[in-house]
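Visitor: The sequence isn't on hand, but the structure is:
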C-alpha cells in the first residue's frame, strides 16, 4: 500500500462544475497536508496546505481534512479549462522533512 | 532570484557518462530537497539537506547518485555512469517552516535528463 493514495483519473468535469479530488494517507503521524498543481511539462506549484480538521477555503479552492478517516480532499468550484492539470497530494509529519507525495490525479475541464 | 532555479534545463547524455545538476534555492530557505519524476509518475524523493545537518540520503536509488550542498545554499546532484533508466525530470525544492509547523516546499523548474 502506498503511503499517499490518489485516483489517477483522468477526472473530467464540464466548465463551471465543481471538481472533487480525493486523497487518502496511511501514516497517522502525518500532520500537514498539501495540494500541488502540475501542468504538463512544468514543475509542481503549491495551491494550499491544511493541518486542522475541517475545511480551508482560498478563492475557488477548498481543502478538506478528516484525520479520523485519514482523508484529504480538494474542491475546485467554477472549474475552468485552465484548471486542467495533474493535482498532487502530499502528507508530512510535524517538523519532519519526510513529505510523501501521491502519484497525482489528472483533471480535465471541458469547455 | 525570487524562486528556485535549476540548471541545465535540459541535458542529453550518453550512457556511462557522468552528469551534474545544479539547484539554487530560495534565499533564506534552509531546507533543500531533490526529487525525481519519471514520465507520468509521481515524485520520488532522493535526498534532503537541512542547514548544517547530515543529509538524509535514504531516497538515493544507488551509489551512482550523490549530492552535496555548499555553504548551505547551492546544491549539486551528481549521477555517475548514467543508465537509460536514469532518464527523468529531476526537481529541486527548497522549503520554509510556517507558523503551524508545516514545511512548504517550493519547486524549481526541473532538469530534464535524457540518457541515450
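Guide: Looks like it arrived, so ask away. It should be emphasised that the depicted structure is a prediction, and the values quoted were computed from it without experimental measurement. Residues are numbered from 1 along each chain as shown, chains lettered A, B, ... in the order given.
Visitor: Does residue A:101 have any beta-bridge partners, and if so which?
Guide: Here residue A:101 sits in beta bridges with residue A:90, going by DSSP bridges.
Visitor: My guess is it contacts residue A:89. True?
Guide: Yes: between residue A:101 and residue A:89 a contact is recorded at 7.3 Å, counting by Cβ atoms under 8 Å. For every residue, glycine as well, the C-beta is placed using N, CA and C.
Visitor: And the two? Which one has more around it.
Guide: Between residue A:101 and residue A:89, counting by other Cβ atoms under 10 Å in any protein chain shown, residue A:89 is the more crowded of the two (27 against 24).
Visitor: before we move on, the earlier item: which residues do residue A:101 and residue A:89 both contact?
Guide: Common neighbours of residue A:101 and residue A:89, using Cβ atoms under 8 Å, 6 or more residues apart in numbering or on different chains, are residue A:4.
Visitor: Quick check: which helices or strands does the lowest-mean-pLDDT helix or strand in chain A pack against?
Guide: Within chain A, no helix or strand scores below strand A:99-101, which has a mean of 85 by mean pLDDT, DSSP states H and E. The contact analysis (3 or more Cβ pairs under 8 Å, 6 or more residues apart in numbering or on different chains; DSSP states H and E) places strand A:99-101 against strand A:30-38, strand A:85-93, strand B:44-50.
Visitor: Show me the shaky parts of chain B.
Guide: For chain B, the stretches flagged by pLDDT under 70 are B:1, B:100-102.
Visitor: Strands of that one, residue ranges please.
Guide: Per DSSP state E, chain B carries strands over the ranges B:5-7, B:10-13, B:19-24, B:31-37, B:44-50, B:65-69, B:75-79, B:88-97, B:103-107, B:111-115.
Visitor: Run a quick neighbour tally on residue A:81.
Guide: With other Cβ under 10 Å as criterion, residue A:81 counts 10.
Visitor: What are the contacting residues of the next helix or strand along the chain from the least confident helix or strand of chain A?
Guide: For strand A:99-101, the following helix or strand on the C-terminal side (DSSP states H and E) is strand A:105-110. With contact meaning Cβ under 8 Å, 6+ apart, strand A:105-110 is reached by A:6-15, A:17, A:19, A:21-22, A:76, A:79-87, A:89.
Visitor: Can you pull up the most central residue in chain B?
Guide: Centroid check for chain B by Cα atoms, centre = their mean gives residue B:34 as the closest residue, at 2.8 Å.
Visitor: which bits of chain A sit near chain B?
Guide: By Cβ under 8 Å from any Cβ of the partner chain, the residues of chain A that approach chain B are A:31-32, A:34, A:36, A:42-46, A:49, A:51, A:88, A:92, A:94-104.
Visitor: Only whichever of these are buried, select them in ChimeraX.
Guide: With 16 or more other Cβ atoms under 10 Å in any protein chain shown as the criterion, this ChimeraX line picks the buried residues out of the residues of chain A next to chain B:
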select /A:31,32,34,36,43,44,46,49,51,88,92,97,98,99,100,101,102,103,104
